[in-house]
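A.B. asks: Predicted coordinates and the sequence they were generated for:
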Amino acid sequence: MPFFRQDEQLAEIAHQILQSVREQFPTLTRDKIALTWIVYEQPVIVNTGGALSAAEFWQYKVKGFSYRGVERIYPASLVKLFYLVAIHEWLQGEMVAESTELNRAIRDAIVESSNDATGLLVDVLTGTTSGPELPLKPFETWQQQRNIVNRYFKSLGWEELESINVNQKTWCDGAYGREKAFLGELMENRNMLTTDAVARLLHSIVGGVAVSAERSQKMMQLLKRSLDPTEFVDRDGENQITGFLGESLPRNAQIWSKAGWMSRVRHDAAYIELPNVSPYLLTVFTEGKDNAQNKSILPFISQSIVEAMRVISN
């Protein structure tokens with residue numbers, strides 16, 4: 001069963017927003033955007049510090065809206081959210097040992113969106129390493145190990161995760177050697193996610209039921225973003241607020257998010273709290289070179305959602 005119920009009011013509002021987005025940004029055609037929007041009504045079941053058990057939490061059917069939410073799209077750095085949950089599962093089950101370097105990599109993968117840090121997480125999760133191409137039999141074993149994170153998420157039994165692929169590292173320049181062979185000549189084995197899959201995973205983290213209440217809190221701490229411009233601009237001017245959903249939020253908002261971007265996609269997934277407004281979760285994927293380079297699209301959508309939330313919450 002889907003984790004949310006499609007809500008007619010949200011659907012009507014969202015379709016109006018999508019229409020205005022297309023009018024404002026003509027390159028963002030109907031097949032270049034996907035969106036999942038969840039609204040938390042009273043009693044709010046998320047960001048409670050893990051007050052609800054997983055069994056209780058999943059009984060609440062939150063209301064939401066999904067547009068192309070099951071379309072498989074290259075996720076860029078949003079895959080790091082899945083590796084974050086997986087590494088905490090491994091740590092919880094003592095499948096891997098905690099260390100200073102592992103903790104540094106976990107932090108940098110999420111806070112700085114470091115590809116190098118993510119590479120270490122994938123190595124630790126799977127017991128594999130990058131390197132030259134391998135002979136056939138060792139390569140088959142290597143591939144089997146690299147799919148362990150996929151098998152973990154399939155084991156959760158969530159229908160939103162049935163079509164995803166999370167077995168690749170994230171790269172700055174691209175894959176080489178055994179990594180290129182694993183990716184495929186046409187990149188047919190690249191990471192693929194849907195906005196519904198990302199929304200459900202983030203929903204579980206914010207709900208305090210991803211791995212455990214304590215570990216969900218640790219994940220939340222890494223996902224918390226500052227809206228103070230003096231804090232979030234790094235040396236390269238790239239961050240997870242500018243050009244993303246957080247940019248257009250009022251300063252008194254709170255946001256927990258993970259962004260993903262490269263030359264052909266710009267995505268963001270965020271849980272947002274505003275004073276006197278119902279908390280909500282928003283995941284937006286945009287595709288296409290022009291759209292990926294346009295830093296105005298996601299803030300425009302976010303601003304439109306904020307205005308809608310103020311109306312809904314009154």
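C.D. replies: Cool, the structure landed. Numbers count the residues shown, from 1 in each chain.
A.B. asks: tell me which helix or strand of the protein sits lowest on mean pLDDT?
C.D. replies: helix 229-232 (a mean of 74; mean pLDDT, DSSP states H and E).
A.B. asks: Can you point out the buried residues in that one?
C.D. replies: In terms of neighbour count (16 or more other C-beta atoms under 10 Å), helix 229-232 has no buried residues at all. C-beta coordinates here come from the backbone N, C-alpha and C atoms, glycine included.
A.B. asks: Outside of that helix itself, list whatever touches it.
C.D. replies: The set of residues external to helix 229-232 that reach it, using C-beta atoms under 8 Å, 6 or more residues apart in numbering, is R225, S226, N239, Q240, I241, T242.
A.B. asks: biggest separation within those, which pair?
C.D. replies: Farthest pair in the contacts of helix 229-232 (C-beta to C-beta) is S226 and T242. Separation: 12.0 Å.
A.B. asks: picking that back up, just the closest of the contacts of helix 229-232 to K154, please.
C.D. replies: Q240 (28.3 Å).
A.B. asks: sec struct for L282, please.
C.D. replies: Assigned with DSSP: H, G, I helix; E, B strand; the rest coil, L282 falls in the strand class.
A.B. asks: Return stretch 212-226 as PDB; C-alpha atoms alone will do.
C.D. replies: Extracted as PDB, the C-alpha positions of stretch 212-226 are listed here (Å, rounded to 0.1, in the frame of the first residue of the first chain):
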ATOM      1  CA  SER A 212      15.800   3.400  15.200                       C
ATOM      2  CA  ALA A 213      14.500   6.600  16.900                       C
ATOM      3  CA  GLU A 214      18.100   7.500  18.000                       C
ATOM      4  CA  ARG A 215      19.600   6.900  14.600                       C
ATOM      5  CA  SER A 216      16.800   8.800  12.900                       C
ATOM      6  CA  GLN A 217      17.700  11.800  15.200                       C
ATOM      7  CA  LYS A 218      21.300  11.500  14.100                       C
ATOM      8  CA  MET A 219      20.300  11.600  10.500                       C
ATOM      9  CA  MET A 220      18.000  14.600  11.100                       C
ATOM     10  CA  GLN A 221      20.900  16.500  12.600                       C
ATOM     11  CA  LEU A 222      22.900  16.000   9.400                       C
ATOM     12  CA  LEU A 223      20.000  17.000   7.200                       C
ATOM     13  CA  LYS A 224      19.200  20.300   9.100                       C
ATOM     14  CA  ARG A 225      20.000  23.300   6.900                       C
ATOM     15  CA  SER A 226      20.700  26.900   8.000                       C
END
